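Trainee: sequence and predicted structure, then a few things I'm wondering about:
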Amino acid sequence: MAGGYYVALSAMRTRIDQLDRLADEIANASTPGFKGERAGHAKAPRPSFAAAFETAIDVTTGARRLDTRAGTIVNTGQALDLAIDGHGFLAVETPAGTRYTRNGHLARQADGTLITADGAPVLGENGPIKVGAGPVHVQPDGTVTSDGATAGRLRIVTFADPTKLVREGTSLLRADEGSGPTVVAEPTVFAGSLEQSNVSVVERVAELTTVSRNFEALQRAVAVLMNDIDGRTIESIGRR
């Protein structure tokens with residue numbers, strides 16, 4: 001196959017990845033605490049073609065980076081809705097280990113454990129936080145009280161480079177090895193509020209249009225290449 005095919009097809013592959021990302025982000029534009037991602041392109045030389053095709057360099061999706069810009073904080077009036085002002089993530093417990101989130105839409109299980117919208121127990125300084133059956137209050141510093149007693153203090157952490165966090169599912173984020181969290185000493189928590197997604201639907205739809213047009217242009221380029229090669233093959237065979 002000619003090197004031009006690989007270049008065009010690899011570029012189409014990256015556009016498909018972009019379309020998948022954009023579709024996911026548009027679908028979660030109303031998910032509290034959801035963070036979009038940014039990704040570029042990178043070249044991927046094919047060593048086996050280096051001698052024959054100097055231009056046979058594939059295009060691949062570059063490393064993704066989490067967009068950590070804060071979303072708008074809106075008042076909900078629900079005691080178990082929390083929003084973190086500034087940097088910081090709630091630490092939660094999952095079967096796969098500790099994960100992090102900005103989605104503060106919490107609930108209370110039958111045994112009093114505070115959980116996220118994904119069902120993950122919310123961690124405090126001494127493990128999962130459990131509250132009583134009475135009203136729950138969350139102080140600006142993350143202290144949780146219930147039935148007149150302190151149930152714990154939210155474990156809110158930050159990272160040296162939070163853009164390297166990897167999204168798992170809708171709201172959960174994973175930290176790779178070597179990028180351990182640092183506990184925020186003086187967090188600011190707004191009870192009765194939620195941080196909205198930082199995804200702009202207008203921006204994503206505009207990007208979606210651009211990616212779709214690029215994909216169509218690459219399809220036409222592949223078609224031209226195929227017609228050109230097929231035409232030359234037929235002409236060459238006809239002369240024999």
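Mentor: Yes, it's here.
Trainee: what's opposite the most centrally placed residue in the chain in the beta bridge?
Mentor: Nearest to the mean C-alpha position of the chain, counting by CA atoms, centre = their mean, stands residue 167 at 4.3 Å. For residue 167, the beta-bridge partners are residue 173 (DSSP bridges).
Trainee: distance of it relative to residue 218?
Mentor: With distances taken as CB to CB, to the nearest Å, residue 167 is found 27 Å from residue 218. (Glycine included, C-beta is placed from N, CA and C.)
Trainee: again with residue 149
Mentor: For residue 149, the distance to residue 218 - CB to CB - is 63 Å.
Trainee: between these two, who's got more neighbours?
Mentor: Counted by other CB atoms under 10 Å, residue 149 and residue 218 do not tie: residue 218 has more neighbours, with 20 against 10.
Trainee: need the three-state assignment for the more buried one.
Mentor: Look at residue 218: counting by DSSP: H, G, I helix; E, B strand; the rest coil, its state is helix.
Trainee: might one say that it is in contact with residue 8?
Mentor: Yes - using CB atoms under 8 Å, residue 218 is in contact with residue 8, at 5.2 Å.
Trainee: just say helix, strand or coil for residue 17.
Mentor: Classified using three-state DSSP, residue 17 is helix.
Trainee: coming back round to it: would you check that the residue nearest to the centre of the chain makes contact with residue 35?
Mentor: Yes - using CB under 8 Å, residue 167 is in contact with residue 35, at 7.2 Å.
Trainee: list the residues that contact both of those two?
Mentor: Listed contacts common to residue 167 and residue 35 are 66, 173; contacts here mean CB atoms under 8 Å, 6 or more residues apart in numbering.
Trainee: any idea how far the nearest residue to residue 138 once chain neighbours are set aside is from residue 25?
Mentor: Nearest residue to residue 138, sequence neighbours excluded (CB to CB, 6 or more residues apart in numbering): residue 191, at 4.2 Å. Separation of residue 191 from residue 25 (CB to CB): 28 Å.
Trainee: so which of these two has more stuff around it?
Mentor: More crowded of residue 191 and residue 25, by other CB under 10 Å: residue 25, with 24 against 20.
Trainee: if I pick the more buried one, what's in contact with it?
Mentor: Contacts for residue 25 (CB under 8 Å, 6+ apart) come out as 34, 36-37, 199, 204.
Trainee: among those residues, name the ones in helices.
Mentor: Among those, the ones falling in helices (DSSP state H) are residue 204.
Trainee: give me the domain ranges for the chain.
Mentor: Domain ranges of the chain: 3-67+199-239, 73-195, per automatic domain parsing.
Trainee: if you compare the ones you listed, which one is most tucked away?
Mentor: domain 73-195 (a mean of 17; mean count of other CB atoms under 10 Å).
Trainee: and the closest residue to residue 162 other than its chain neighbours, how far is that from residue 173?
Mentor: Nearest in space to residue 162, with sequence neighbours left out and distances taken as CB to CB, 6+ apart, is residue 68 at 4.8 Å. Per CB to CB, residue 68 is found 10 Å from residue 173.
Trainee: joint contacts of these two?
Mentor: Common neighbours of residue 68 and residue 173 (CB under 8 Å, 6+ apart) are residue 35.
Trainee: quick revisit: spit out the contact partners of the residue nearest to the centre of the chain.
Mentor: Residue 167 sits in contact with 35, 37, 66, 173-174, where contact means CB under 8 Å, 6+ apart.
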